[in-house]
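A.B. asks: What shape does this take:
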Amino acid sequence: MHKMRLQEKYFNLINNGSKTIELRLRDEKRRLIHVGDEIEFSQTNDPTQKCLKKVKALYEAKDFEQLCEQIDIAKAGFETASKLVGALEKFYLTEEQKKYGVLAIELE
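C.D. replies: Residues are numbered from 1 along each chain as shown. Alright, predicted model coming up:
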C-alpha cells in the first residue's frame, strides 16, 4: 500500500469523493504506483485522519500544463487549468517537473 499526505482542504475533498484525481511528481516513489493499487491518504496537520482509495487510472506527462490536457480539471479539485498549474507550481519546481515528469492518479 502506498501512503501520501495531503493538506486538510485536499484531504477532505478526496475523503468525501469530490476530488478523484491527485497530481504528483512522477518521482521514484510514484513510479511504483499501478492501477489497482491502494493509497492511504492522511491529513498533514492531523495524521490520524486517514482514508483509503484505489487507483483507477494513471496519466503521465512532462509537466503539469501538458497533464491538464489529459484530465478533467474539476476532478482534480480546480475550476481552471491555470489555477491548477499555479497551485502545483507552489509545491513542485519546473526543474523537478522536467527531471521526473508528472503523474495524475485517478481514484475510485
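
A.B. asks: for the chain, what spans make up the strands?
C.D. replies: Along the chain, counting by DSSP state E, strands occupy 2-6, 21-25, 38-43, 50-61, 102-107.

A.B. asks: As CSV, these with distance to residue 13, mean neighbour count and mean pLDDT would be great.
C.D. replies: All C-beta atoms are positioned from the backbone trio N, CA, C, and that covers glycine. Shown next, in CSV, are these (distance: least, CB to CB, whole Å; neighbours: other CB atoms under 10 Å; pLDDT from 0 to 100):
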stretch, distance to residue 13, mean neighbour count, mean pLDDT
strand 2-6, 9, 15, 96
strand 21-25, 10, 21, 96
strand 38-43, 10, 17, 98
strand 50-61, 11, 15, 97
strand 102-107, 11, 21, 98
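
A.B. asks: can you list contacts of stretch 35-49?
C.D. replies: Contacts with stretch 35-49, where a contact means CB atoms under 8 Å, 6 or more residues apart in numbering, come from 1-8, 11, 14-15, 22, 33, 50-58, 105, 107.

A.B. asks: Send me that stretch as PDB with only the CA atoms.
C.D. replies: Presented in PDB, the C-alpha positions along stretch 35-49 are these (Å, rounded to 0.1, in the frame of the first residue of the first chain):
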ATOM      1  CA  VAL A  35      -3.700   0.700 -11.500                       C
ATOM      2  CA  GLY A  36      -5.500  -1.400  -8.800                       C
ATOM      3  CA  ASP A  37      -3.100  -0.300  -6.000                       C
ATOM      4  CA  GLU A  38      -4.400   1.200  -2.800                       C
ATOM      5  CA  ILE A  39      -3.300   4.600  -1.400                       C
ATOM      6  CA  GLU A  40      -3.700   5.600   2.200                       C
ATOM      7  CA  PHE A  41      -4.100   9.300   2.300                       C
ATOM      8  CA  SER A  42      -3.500  11.100   5.600                       C
ATOM      9  CA  GLN A  43      -4.100  14.700   6.600                       C
ATOM     10  CA  THR A  44      -0.800  16.700   7.000                       C
ATOM     11  CA  ASN A  45      -1.900  18.500  10.200                       C
ATOM     12  CA  ASP A  46      -3.700  15.500  11.700                       C
ATOM     13  CA  PRO A  47      -2.100  12.200  10.600                       C
ATOM     14  CA  THR A  48      -4.800  10.300  12.500                       C
ATOM     15  CA  GLN A  49      -7.200  11.400   9.800                       C
END
